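*Asks:* got a structure for you, letters missing:
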Ligand code: ACO
Ligand code: LMR
């Protein structure tokens, strides 16, 4: 008789059973032939929608602007340490990837989520929003930077905000809200700016991307930078990294004899 097997997985984004992959139904080669770009593929595979030309231009800029931020940041540094230890590209890049989390690069999703919540629950009450965040979440995702501040603004953020607001017709209630939050937080401490994660999160939420897709934009973009750092260290044949003693505060017990075991 007929054997009915339960499918093991269910997919809703792509299909390779024809002659070529289809992303949300569209043949990859046809997308290429019709002038679509990688940002459109991202939107199809992550959001299942073909963006408008204006939306793709925003997505493209988000990816471009967050692709790298030099060797000093947690992700690039992790990859560089791996590269210098002779680790292959995928593993060294994944060492850098491991750093993406609530403090570094992985605050995009929660920034989008909580600023959206603010718009809904505390529309005209930013102190109320901040009090709720302090009590229930902790540091506001998308706010704060180690080196950027009002006196040393993050040009990536300035550019993205200005581009979206002045050169597109995107409706930006979530970004607007975050910019109001920034006014209050920077009055407390001048490095509590809307950071790149926060800016991306708000714009992507305003674009209608699924909430849990948002960190993916930082992961995707920063992979470009991390691969670059791995190639760079390999091109230079860099040596193994070992921290110099002066970079470590050895707050340890003084040398002492081991007592006899009782
Ligand atoms: N919301 C509220 N208060 C904050 C925030 C925040 N997001 N960030 C820092 N503070 C406060 C701290 O409570 C602390 O206050 P205190 O002096 O009264 O104790 C003060 O600012 C300094 O905090 P630190 O943790 O020392 O600041 P640091 O410079 O080390 O942290 C960081 C920078 C990790 C980015 C921090 O601001 C943060 O956690 N932000 C939220 C997460 C986030 O958005 N990360 C993405 C950064 S951008 C990127 O990685 C690409
Ligand atoms: C980044 O893009 O990596 C950052 O904004 C983090 C940093 O400390 O510069």
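*Replies:* The structure has been received and is ready for your questions. Computed from a predicted model, the values in this text were never measured in an experiment. Numbers count the residues shown, from 1 in each chain. Ligands and ions are numbered 1, 2, ... in the order given.

*Asks:* what's the distance between residue 150 and residue 186?
*Replies:* From residue 150 across to residue 186, the span is 5 Å (CB to CB, to the nearest Å). (Glycine included, C-beta is placed from N, CA and C.)

*Asks:* shared neighbours of these two, anything?
*Replies:* residue 193 (CB atoms under 8 Å, 6 or more residues apart in numbering).

*Asks:* and those two? which has more neighbours close in?
*Replies:* Each of residue 150 and residue 186 has its neighbours counted (other CB atoms under 10 Å); residue 186 has more, 17 against 13.

*Asks:* the more buried one contacts residue 193, correct?
*Replies:* Yes. Look at residue 186 against residue 193 with CB atoms under 8 Å: they come within range, at 5.9 Å.

*Asks:* hey, what's in contact with both of the two?
*Replies:* Common neighbours of residue 186 and residue 193 (CB under 8 Å, 6+ apart) are 149-150.

*Asks:* what residues does the stretch 151-262 of the chain put near ligand 2?
*Replies:* residue 196 (CB under 6 Å from any ligand atom).

*Asks:* so where is the stretch 151-262 of the chain shaky, pLDDT-wise?
*Replies:* Of all residues in the stretch 151-262 of the chain, none has pLDDT under 70.

*Asks:* show me where the stretch 1-150 of the chain has its helices.
*Replies:* Here the stretch 1-150 of the chain has its helices, by DSSP state H, counting those that start in this stretch, at 28-33, 38-47, 53-65, 74-84, 89-98, 108-121, 126-136.

*Asks:* and the shortest one, how far from the chain's centre?
*Replies:* A distance of 27 Å separates the C-alpha centroid of helix 28-33 from that of its chain, computed with CA atoms, centre = their mean, to the nearest Å.
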